[in-house]
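> Quick one, what's the 3D model for this:
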Amino acid sequence: MARNYGFLICILIMAMDITAGILGIQAEIAENKVKHLRMWIFECRDPSFQAFKLGLAAAILLGLAHVIGNLLRGCVCIWTKDDLDRATANKQLAVASLIFSWIVLAVAFSMLMIGTLSNSKSRKTCGISHHRLLSIGGILCFIHGLFTVAYYVSATAAAREDRPRTTATA
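Numbers count the residues shown, from 1 in each chain. I've put the predicted structure just below:
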């Protein structure tokens, strides 16, 4: 008897993305607690090691959630316009969700890493301010979770539609 672990995988992906989002927002809060001097768009501030740790943990969890969602479901590919026209609604939704999850991953991961790296230096830095990168990256983690779960569910449904049906004979 085959077991269906899809629900647990979806819960795991959402839990990882929600945790990553909360860590990103907490990193922004920790970053704002350090002292800084601001003049127009330039800013001098001390790095926050707490923000560095939280931002790095958020980026790692975001990456792991994406890997789990994509590796456990596989790739749903549409190569031509004819494939798109003949594809079922589940397969089309899976492809769209996959594309959007990759786009959100790229933006969120970039924002989290830029915000994290701005807190990695051991000395005071001056330059153009990078405000809200960690919190926006954290919010995008929530959106990534929605697209990744939508991909996992629709790709599973598309795979079940493609499978040949066996009839039970008594």
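
> Give the residue spans of the chain that score low on pLDDT.
1-3, 36-39, 41, 122-125, 127-130, 164-170 (pLDDT under 70).

> and if we set it to 50?
1 (pLDDT under 50).

> all strands in it, in order from the N-terminus.
Along the chain, counting by DSSP state E, strands occupy 36-39, 42-45, 125-128.

> Could you count how many residues lie near L146?
16 (other Cβ atoms under 10 Å). The C-beta positions use only the backbone N, C-alpha and C, and glycine is treated the same way.

> Could you give the number of residues near V67?
V67, neighbours per other Cβ under 10 Å, totals 10.

> Quickly note the distance from it to I9.
Noted for V67: a distance of 12 Å to I9, by Cβ to Cβ, to the nearest Å.

> ranges for the helices of this protein?
6-32, 49-73, 81-86, 89-117, 133-162 (DSSP state H).

> Can you say which of these is nearest to E43?
helix 6-32 (11.4 Å; Cβ to Cβ).

> Show me what the closest one packs onto, helices and strands only.
Applying 3 or more Cβ pairs under 8 Å, 6 or more residues apart in numbering; DSSP states H and E, one finds that helix 6-32 contacts helix 49-73, helix 89-117, helix 133-162.

> Distance of L117 relative to E31?
In terms of Cβ to Cβ, L117 sits 12 Å off from E31.

> Neighbour count for these two, which is higher?
Taking neighbours as other Cβ under 10 Å, L117 and E31 compare with E31 leading, 27 against 15.

> burial count for the closest residue to the more buried one other than its chain neighbours?
Nearest residue to E31 in three dimensions, chain neighbours excluded: A51, at 3.9 Å (Cβ to Cβ, 6 or more residues apart in numbering). Using other Cβ under 10 Å, A51 is surrounded by 25 other residues.

> so who does A51 touch?
Counting by Cβ atoms under 8 Å, 6 or more residues apart in numbering, A51 makes contact with A27, E28, A30, E31, V34, G115, T116, N119, L134.

> ok, now with 10 Å
Residues near A51 by Cβ atoms under 10 Å, 6 or more residues apart in numbering: 24, 26-34, 115-116, 118-120, 134.

> Pull out the buried positions in stretch 4-24.
9-10, 12-14, 16-24 (16 or more other Cβ atoms under 10 Å).

> go on, stretch 66-76?
Applying 16+ other Cβ under 10 Å to stretch 66-76 flags H66, I68, G69, N70, R73, V76 as buried.

> Could you report the distance from L93 to I78?
Separation of L93 from I78 (Cβ to Cβ) stands at 11 Å.

> Please disregard the earlier target; I meant C44.
51 Å.

> got it, and S101?
Using Cβ to Cβ, one gets 16 Å for the distance from S101 to I78.
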